[in-house]
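sequence first, then the predicted structure, then my questions.
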Protein chains: 2
Amino acid sequence: MCSVTRTERGQDAIVGAAMRLFARDGIAATSLREVAKEAGVSPALVVHHFGGKEGLVAAVDEAAVGEFGAAYADDSATGPELLQRRAEQTAAVMRSHPEACAYLGRALIEGTPGSSAVFRLMIEGGRHEIDDLAEKGALREDADWTWATLQHFFLIWAPLSFRALLEREVLDGQLLAPDNLERWVAANVDLLRDGLYRDG
Amino acid sequence: MCSVTRTERGQDAIVGAAMRLFARDGIAATSLREVAKEAGVSPALVVHHFGGKEGLVAAVDEAAVGEFGAAYADDSATGPELLQRRAEQTAAVMRSHPEACAYLGRALIEGTPGSSAVFRLMIEGGRHEIDDLAEKGALREDADWTWATLQHFFLIWAPLSFRALLEREVLDGQLLAPDNLERWVAANVDLLRDGLYRDG
DNA sequence: GCCGCCACTGAACATCTGTACAGTGATGAC
DNA sequence: GTCATCACTGTACAGATGTTCAGTGGCGGC
């Protein structure tokens, strides 16, 4: 009776559906049954493949971290234009993997193990970047670099975590639509480079 | 049999317990029974006073927004040192109302009605501030002020929303402990005023 | 052909969820 | 005194939740 090709269903469909719903409604607020329904599958199949909700979250985590990490790992850029390059790279990741990024924005708040890994990846990356730039003398020397690294992180991830709020209250259309994404990235580069206030 | 003074129990205890648990674990992930237990009260009393979970969330929202709004409303400062003054004011609010702030950090993510009000308050405040400074010529003129306002917001609220993550992975001790709070505020002023990178 | 494997299902389970309801006992008005 | 009020409780209920289990049907190996 099942004329649908086997391949498209099953694990991939479940992980995809879960990623979408977790991102939209939160992990705690999304039931296995909703995920199964969204994936067009019985709840029991979710348990069969992933052992339970905890296992499903781990699988979604792994998928999202994998997509994000792979796209983000290509860090051949160096030099003073690093900031701009990094920003464009981040934007590219969000353009090509919007679901994974949206999910991670939620996961960071709810504290899934995979999201902690992404956090560490970002923080370490930020620190290397800073060390790199500091060697080249491109940085101010009096800043608090622990908090500066966190600020980088917030400027990138907070919009994803606050996504629903922004789209409801401020933005025209989707956060990850080309226009908004471009303005967002440009504003980040701008702020990090020059601050917002006139000297003196 | 009940020798405890009546006053301390009841509504206040429930709202306080709910605010604490909602902030720590999220609203969706916290049950009425947990709130009632934390407050030392029967679950039915929560329903009696607030009509249900939705009503409880509304009450906690109102309490948090009230505390925060009252402490934040005193905005007599103007002039070029406004940024520093505002930052100190925000820090003072967080010092004096840590639970309300921690709760709002979560509520902003989960999208409660009250948190949206705080968001609008902050965004409007930010915009007035910017208009004020722009008139005085204290601002750069080429920035994207919609996104700049959002950046202000993120730098203040993201740490609260990511609080558990930060305390687990990066910070020594509590985010709102005096040392961390001071570094955080100082880093914000620093970034907004000068950026992180050397000119040229 | 047969057989084992495995994705997949429906029905059932215990538990937790929010909520309704009928009370109880202390307090204050009269 | 009596009575109404109200904070507060224990119990019960319907529905949702995560999970279990005994199946079923199609596929590849032999």
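Cool, got the structure. Source: prediction; values computed, not measured.

quick one: name the residues of chain A near DNA strand D.
Residues of chain A lying close to DNA strand D by CB under 7 Å from any atom of the strand are A:1-2, A:6, A:30-34, A:43-44, A:47-48, A:51-54. Placement of C-beta: from N, CA and C, glycine included.

closest to DNA strand C out of those residues?
Distance to DNA strand C across those (CB to the nearest atom of the strand) is lowest for A:Ala44, with 2.9 Å.

so which helix or strand takes in that closest one?
According to DSSP states H and E, A:Ala44 maps onto helix A:43-50.

and the next helix or strand past that helix?
Counting by DSSP H and E, the next helix or strand C-terminal to helix A:43-50 is helix A:53-72.

need the helices for chain A, in chain order.
Under the criterion DSSP state H, chain A contains helices at A:11-25, A:32-39, A:43-50, A:53-72, A:82-96, A:98-110, A:113-135, A:145-161, A:163-169, A:178-194.

rebuild these as JSON lines, extending it with mean neighbour count and distance to chain B.
Output for the helices of chain A, formatted as JSON lines (neighbours: other CB atoms under 10 Å in any protein chain shown; distance: least, CB to the nearest CB, whole Å):
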{"stretch": "helix A:11-25", "mean neighbour count": "20", "distance to chain B": "8"}
{"stretch": "helix A:32-39", "mean neighbour count": "18", "distance to chain B": "13"}
{"stretch": "helix A:43-50", "mean neighbour count": "16", "distance to chain B": "19"}
{"stretch": "helix A:53-72", "mean neighbour count": "19", "distance to chain B": "12"}
{"stretch": "helix A:82-96", "mean neighbour count": "18", "distance to chain B": "7"}
{"stretch": "helix A:98-110", "mean neighbour count": "24", "distance to chain B": "5"}
{"stretch": "helix A:113-135", "mean neighbour count": "17", "distance to chain B": "6"}
{"stretch": "helix A:145-161", "mean neighbour count": "22", "distance to chain B": "4"}
{"stretch": "helix A:163-169", "mean neighbour count": "17", "distance to chain B": "6"}
{"stretch": "helix A:178-194", "mean neighbour count": "18", "distance to chain B": "4"}
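
which one, of these, ends up nearest to B:Ala59?
B:Ala59 lies closest, by CB to CB, to one member of those: helix A:163-169, at 21.1 Å.

let me see the mean pLDDT of that closest one.
Per-residue pLDDT values over helix A:163-169 give a mean of 96.

which other helices and strands does that helix contact?
With contacts taken as 3 or more CB pairs under 8 Å, 6 or more residues apart in numbering or on different chains; DSSP states H and E, helix A:163-169 sits against helix B:113-135.

from the chain's centre, how far out does the helix it packs on sit?
Centroid displacement of helix B:113-135 relative to its chain, using CA atoms, centre = their mean, to the nearest Å, is 14 Å.

just want the angle from it to helix B:145-161.
130 degrees (axes from the mean of the first three to the mean of the last three CA atoms, to 10 degrees).

what average pLDDT does helix B:113-135 get?
88.

equivalent analysis for stretch A:186-200, please.
80.

ok so, going back, what's the closest of the helices of chain A to DNA strand C?
Closest of the helices of chain A to DNA strand C is helix A:43-50, at 2.9 Å (criterion: CB to the nearest atom of the strand).

contacting residues around the residue sitting nearest the centre point of chain A?
Centroid check for chain A by CA atoms, centre = their mean gives A:Cys101 as the closest residue, at 3.0 Å. A:Cys101 sits next to A:Phe68, A:Val93, A:Met94, A:Leu160, A:Leu176 when contact means CB atoms under 8 Å, 6 or more residues apart in numbering or on different chains.

closest one of these to B:Leu191?
Looking across the contacts of A:Cys101 and measuring by CB to CB, the closest to B:Leu191 is A:Leu160, at 19.8 Å.

how far away is the residue of chain A found nearest DNA strand D from A:Ala59?
Residue of chain A nearest DNA strand D, by CB to the nearest atom of the strand: A:Gly52 (2.7 Å). In this view, A:Gly52 and A:Ala59 are 11 Å apart by CB to CB, to the nearest Å.

and for A:Ala134?
39 Å.

and if you look at A:Gly69?
15 Å.

rebuild the helices of chain A as TSV, extending it with distance to B:Val170.
Output for those, formatted as TSV (distance: least, CB to CB, whole Å):
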stretch	distance to B:Val170
helix A:11-25	24
helix A:32-39	32
helix A:43-50	31
helix A:53-72	19
helix A:82-96	20
helix A:98-110	13
helix A:113-135	7
helix A:145-161	7
helix A:163-169	23
helix A:178-194	19
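
list the contacts of the nearest residue to A:Met122 once chain neighbours are set aside.
Nearest residue to A:Met122, sequence neighbours excluded (CB to CB, 6 or more residues apart in numbering or on different chains): A:Phe153, at 5.4 Å. By CB under 8 Å, 6+ apart, the contact set of A:Phe153 is A:Phe119, A:Met122, A:Ile123, A:Gly126.
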